[in-house]
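Chemist: A structural model of the following input is requested.
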Amino acid sequence: MRIGELAEKTGVTTKTIRYYEGIGVIPEPERMANGYRIYDEVDADRLHFVRDAQAAGLSLVEINLILDLRDEGESTCEHVIDMLESHLSDVDRQLEELGRTRDQLRTMTTNARQLDPNSCTDPNRCQTISITS
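Modeler: Predicted coordinates:
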């Protein structure tokens, strides 16, 4: 199949496919006599994997490492589990930080609603933001 067909089949743009080729995520395809790239189902499967792995939060560097291991015939399961657990820990940490930020914003909003705008005498400082709880 040609690059446009591969893009349609996988939901990955032709520009992205070319980029992936350039950084080695997918191998350079064979070319027809007229220079058109020729892809097969293996390329489509690889692109589906890349798309799914990115949706899980893996970076292209991590994905490329997994693909390299797989291409070498090595098992990738434990490696992928370790990566996913690491990303899960990162997400949990970010959620905790977001929760603290949400709480701080709620407190600031509540306090700000109780302020009298006429009591703001410093033109260089916003009393709403400078409130500490």
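Chemist: Show me where this protein has its helices.
Modeler: Under the criterion DSSP state H, the chain contains helices at 3-10, 14-23, 41-55, 60-71, 77-113.
Chemist: Export the ones you listed to TSV and append columns for mean pLDDT, mean neighbour count and distance to Met32.
Modeler: Bear in mind the C-beta positions are built from the backbone N, C-alpha and C, glycine included. Formatted as TSV, those follow (pLDDT from 0 to 100; neighbours: other C-beta atoms under 10 Å; distance: least, C-beta to C-beta, whole Å):
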stretch	mean pLDDT	mean neighbour count	distance to Met32
helix 3-10	96	16	11
helix 14-23	95	14	16
helix 41-55	95	15	15
helix 60-71	94	16	25
helix 77-113	94	12	35
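Chemist: Mind putting those into a markdown table with distance to Thr121?
Modeler: What follows is the helices of the chain, written out as a markdown table (distance: least, C-beta to C-beta, whole Å):
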| stretch | distance to Thr121 |
| --- | --- |
| helix 3-10 | 61 |
| helix 14-23 | 55 |
| helix 41-55 | 52 |
| helix 60-71 | 53 |
| helix 77-113 | 16 |
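Chemist: nearest to Glu30, of these?
Modeler: Nearest of the helices of the chain to Glu30, taken as C-beta to C-beta: helix 41-55 at 10.4 Å.
Chemist: Tell me which other helices or strands that closest one touches.
Modeler: Here helix 41-55 touches helix 3-10, helix 14-23, helix 60-71, going by 3 or more C-beta pairs under 8 Å, 6 or more residues apart in numbering; DSSP states H and E.
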